[in-house]
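# Fold the following for me, if possible:
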Amino acid sequence: MFLEFDETLRNKFLNLLDFPQKEKDLIISFLRKFKNREEFYLTGGSVRALFTSEKITDLDLTVKENVVDLVLFAQKFLNYHFVPLSPEWGIYRLAKGKNTIDFTSFRGETIEEDLKKRDFTFNAMGLPVKALFENRFLILDPFSGYKDLKEGVIRAISEENIIEDPLRILRGYRFFAYGFGKIEEKTRNFFRIHKQKINRCAKERILQELLYILISNKTFETFKLMDEDNLLTEIFPYLEKAKGIPQPTFHHLDVKDHLLETLRWTEKILENPQKYLEIEKTDEMENEDFILSVKLAGLFHDLGKAYTFEIKERITFYGHEKVSAELFKIMAENLRFKKDLINKVCNLIKNHMRPFHLLNEKEKGSLTLRAKRNLIKDVPYLKELFIVCMADSYASQGPDKEPDYEERLRTFFHELFELKEQLEKESQKKRLITGDDLIKLGFKPGPLFKEILQDVEIQILEKKFVSKEELLEYIKEKYSKEKL
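Next comes the predicted model:
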């Protein structure tokens with residue numbers, strides 16, 4: 001039940017402790033004061049980290065009795081902010097910056113009874129505080145969590161614990177996403193049986209686990225697993241109707257599988273944008289908001305197809321972009337996603353077809369500079385749109401798909417980037433025509449002002465006029481009838 005390790009593991013604990021050095025010293029000093037206290041343990045992630053090398057930013061301390069006295073002493077000693085999480089259950093938190101220290105009373109008479117109520121075996125190990133200051137470094141492991149960590153097994157301690165807190169279902173998939181191993185089959189069966197209970201959990205708790213999964217590099221694999229276990233549609237219910245919806249021969253998958261395949265490609269592109277987009281990977285592309293927006297837009301970009309599907313002479317999905325954005329917004333608001341992120345993803349979803357339409361116009365010779373400029377103005381997230389559209393294309397491999405389509409789409413996006421750069425340079429220059437000039441010509445301020453100024457911008461970009469005088473003559477000739 002107790003595993004013994006050498007001095008190196010103690011040193012590893014101190015090295016992994018990711019607190020400011022002054023606070024780390026205070027924490028060790030605080031713990032040393034209780035080196036002779038029995039029934040006082042470090043538990044949870046900070047013990048697991050000894051074997052996974054995760055940085056320890058949070059500590060979980062479990063004590064048999066007098067937890068209130070202990071946490072109040074620690075609060076004064078460490079000068080942390082005191083948060084009474086659940087006093088009725090003996091759960092308290094100290095917080096400062098990115099770090100937290102949780103104090104809990106044993107759930108049960110013994111530490112073994114307490115650990116038995118945890119989620120997974122590798123989270124049910126206990127490190128006696130006194131072991132940090134003794135020659136023998138002992139870890140209590142009543143459920144073989146160390147063995148499961150080494151063998152890459154995610155194993156629930158009991159079905160009862162899953163029922164008690166169904167969020168543990170989502171936590172299990174999160175541990176899969178972060179490479180802790182495969183979910184043991186019996187545990188997966190618990191997840192399948194109790195999947196509907198997940199929606200009893202607070203939306204904020206569900207969201208936090210989803211965010212962990214979405215920013216991992218195994219989102220597709222994890223969501224695919226969740227889909228196999230029928231959990232994905234419990235969280236994102238509108239996905240259910242997408243199953244089995246056929247698509248035109250440009251595609252090789254039904255709508256639901258296409259959405260998951262697009263998610264897979266967004267991850268591949270994010271990992272290696274040079275290969276698929278011919279652009280360098282930037283810090284911006286590793287930003288959490290960037291990653292979340294492209295993965296969510298990729299996963300839900302065609303969600304509305306299930307609700308706009310028609311067969312007349314051929315399969316159509318008229319207006320599916322707008323419906324997709326509306327359905328995503330309903331789900332995202334329900335899950336408490338940030339408003340700014342929801343708006344960004346909706347923008348990407350609503351506009352994801354426009355680059356394909358513009359490319360088609362370009363290849364027919366009818367594409368205008370104005371149409372390209374309007375797309376750039378309407379979608380401030382051109383790089384994110386690039387990834388979503390390329391992922392959508394790579395995820396469509398039907399018999400009528402042109403083999404060089406991605407190359408043509410990539411070339412077109414690079415043209416858009418060049419135009420965007422040109423527009424930004426022009427915007428920094430002093431305007432040849434201003435609102436004052438239009439007033440002097442007799443125009444009244446209003447919607448027409450915007451239309452004329454945008455027209456002028458296009459004329460300058462197309463180099464049709466280079467002087468103010470020429471532009472003023474052009475405006476008078478074209479818009480004189482609209483003055484009134």
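# Regarding residue 103, what is its secondary structure?
Assigned with DSSP: H, G, I helix; E, B strand; the rest coil, residue 103 falls in the strand class.
# Equivalent analysis for residue 41, please.
strand.
# Give me the distance between it and residue 243.
Shown here: residue 41 relative to residue 243, a distance of 47 Å by CB to CB, to the nearest Å. Yep, even glycine has a C-beta here, placed from its N, CA and C like the rest.
# Equivalent analysis for residue 209, please.
Distance from residue 209 to residue 243, counting by CB to CB: 24 Å.
# out of the two, which sits in the busier spot?
Legend: neighbour count by other CB atoms under 10 Å for residue 209 and residue 243, higher for residue 209 (21 against 13).
# Relative to residue 448, how far out is residue 328?
Separation of residue 328 from residue 448 (CB to CB) stands at 35 Å.
# Who has more neighbours out of these two?
Taking other CB under 10 Å, residue 328 and residue 448 do not tie; residue 328 has more neighbours (26 against 14).
# Find the residue closest to that one in space, skipping its chain neighbours.
residue 300 (4.5 Å; CB to CB, 6 or more residues apart in numbering).
# Could you check the pLDDT of the one you found?
pLDDT recorded at residue 300 is 98.
# Residue 429 now?
pLDDT, residue 429: 61.
# residues contacting residue 121?
Shown in contact with residue 121 (CB atoms under 8 Å, 6 or more residues apart in numbering): 143-145, 148, 153, 155-157.
# Next one: it from residue 142, what distance?
In this view, residue 121 and residue 142 are 9 Å apart by CB to CB.
# what does residue 309 give?
Distance from residue 309 to residue 142, counting by CB to CB: 54 Å.
# just checking, what packs against the longest helix anywhere in the chain?
As assigned by DSSP state H, the longest helix anywhere in the chain is helix 405-428. Contacts defined by 3 or more CB pairs under 8 Å, 6 or more residues apart in numbering; DSSP states H and E place helix 405-428 against helix 273-277, helix 354-364, helix 369-378, helix 382-394, helix 447-461.
# Make JSON lines out of the ones you listed and add mean pLDDT and distance to residue 185.
Below are the helices and strands packed on helix 405-428 laid out as JSON lines (pLDDT from 0 to 100; distance: least, CB to CB, whole Å):
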{"stretch": "helix 273-277", "mean pLDDT": "97", "distance to residue 185": "35"}
{"stretch": "helix 354-364", "mean pLDDT": "97", "distance to residue 185": "42"}
{"stretch": "helix 369-378", "mean pLDDT": "92", "distance to residue 185": "48"}
{"stretch": "helix 382-394", "mean pLDDT": "98", "distance to residue 185": "32"}
{"stretch": "helix 447-461", "mean pLDDT": "75", "distance to residue 185": "61"}
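# for the ones you listed, which one sits closest to residue 106?
Each of the helices and strands packed on helix 405-428 was scored for nearness to residue 106 using CB to CB, and the closest is helix 382-394 (48.4 Å).
# Could you check how far that closest one is from the centre of its chain?
In terms of CA atoms, centre = their mean, to the nearest Å, the centre of helix 382-394 is found 16 Å from the chain centre.
# which of the residues in it are buried?
383-394 (16 or more other CB atoms under 10 Å).
# What is the nearest of the residues you listed to residue 441?
residue 385 (37.3 Å).
# got a list of what the closest one touches?
348, 351-352, 355, 379 are the contacts of residue 385 under CB under 8 Å, 6+ apart.
# if we go to 6 Å?
348, 379 (CB atoms under 6 Å, 6 or more residues apart in numbering).
# List the buried residues for the longest helix of the chain?
405-406, 409-410, 412-413, 416, 419-420.
# Please apply the same query to stretch 112-120.
Buried, per 16+ other CB under 10 Å, within stretch 112-120: 114-120.
# I'd like those residues written out as TSV, with distance to residue 248, secondary structure and pLDDT added.
Formatted as TSV, these follow (distance: CB to CB, whole Å; DSSP: H, G, I helix; E, B strand; the rest coil; pLDDT from 0 to 100):
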residue	distance to residue 248	secondary structure	pLDDT
114	58	helix	96
115	55	helix	97
116	55	helix	97
117	53	coil	95
118	50	coil	96
119	45	coil	96
120	45	strand	98
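# Can you lay out those as JSON lines showing distance to residue 173?
Putting those into JSON lines (distance: CB to CB, whole Å) gives the following:
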{"residue": "114", "distance to residue 173": "25"}
{"residue": "115", "distance to residue 173": "22"}
{"residue": "116", "distance to residue 173": "23"}
{"residue": "117", "distance to residue 173": "21"}
{"residue": "118", "distance to residue 173": "17"}
{"residue": "119", "distance to residue 173": "12"}
{"residue": "120", "distance to residue 173": "12"}
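# Local confidence estimate at residue 435?
72.
# Skipping adjacent residues, who's closest to residue 388 in space?
Closest to residue 388 by CB to CB, 6+ apart is residue 297, at 4.8 Å.
# burial of the one you found, as a residue count?
Counted with other CB under 10 Å, the neighbours of residue 297 add up to 32.
# What separation is there between it and residue 260?
Noted for residue 297: a distance of 14 Å to residue 260, by CB to CB.
# now the strands: where do they sit in the stretch 151-300 of the chain?
Counting by DSSP state E, counting those that start in this stretch, one finds strands in the stretch 151-300 of the chain at the ranges 153-154, 182-183.
# Quick one: closest of those strands to residue 370.
Proximity to residue 370 (CB to CB) singles out strand 182-183 among the strands of the stretch 151-300 of the chain, at 52.8 Å.
# can you pull the contacts of residue 219?
Residue 219 is in contact with 213, 295, counting by CB under 6 Å, 6+ apart.
# where does the protein have low pLDDT?
Applying pLDDT under 70 to the chain flags the ranges 427-430, 481-484.
# can you list the domain ranges for it.
Following automatic domain parsing, one finds the domains of the chain at 2-150, 159-233, 237-419, 435-482.
# Residue 326 is in contact with the residue nearest to residue 328, correct?
No: contact criterion CB atoms under 6 Å: residue 300 and residue 326 do not qualify, at 10.7 Å.
# Who has more neighbours out of these two?
Applying other CB under 10 Å to residue 300 and residue 326 shows that residue 300 carries more neighbours, namely 27 against 16.
# and residue 468, how many neighbours?
Residue 468, neighbours per other CB under 10 Å, totals 14.
# and the longest helix of the chain, how far out from the chain's middle?
For helix 405-428, the separation from the chain centroid amounts to 27 Å (computed by CA atoms, centre = their mean).
# next one: the helix or strand that comes right after it to chain centre, how far?
Using DSSP states H and E, the helix or strand that follows helix 405-428 towards the C-terminus is helix 435-440. Here the centre of helix 435-440 is set off from its chain's centre by 47 Å, with CA atoms, centre = their mean.
# cool, and stretch 69-87?
Centre-to-centre, stretch 69-87 and its host chain are 32 Å apart (CA atoms, centre = their mean).
# which residues are contacting stretch 127-145?
For stretch 127-145, contacts defined as CB under 6 Å, 6+ apart pick out 1-5, 9-10, 31-32, 34-35, 40-42, 47, 112, 115, 121-122, 124-126, 157.
# Could you do stretch 194-203 as well?
By CB under 6 Å, 6+ apart, stretch 194-203 touches 162, 166-167, 169, 230-231, 234, 335-336.
# So which of those are in helices?
Counting by DSSP H, the contacts of stretch 194-203 place 162, 167, 169, 234 in helices.
# give the contact list for the second one.
Right, the one you point to is residue 167. 201, 205.
# do you know how far it is from residue 290?
Counting by CB to CB, the gap from residue 167 to residue 290 is 27 Å.
# How much space separates residue 435 from residue 289?
From residue 435 to residue 289 the distance is 35 Å (CB to CB).
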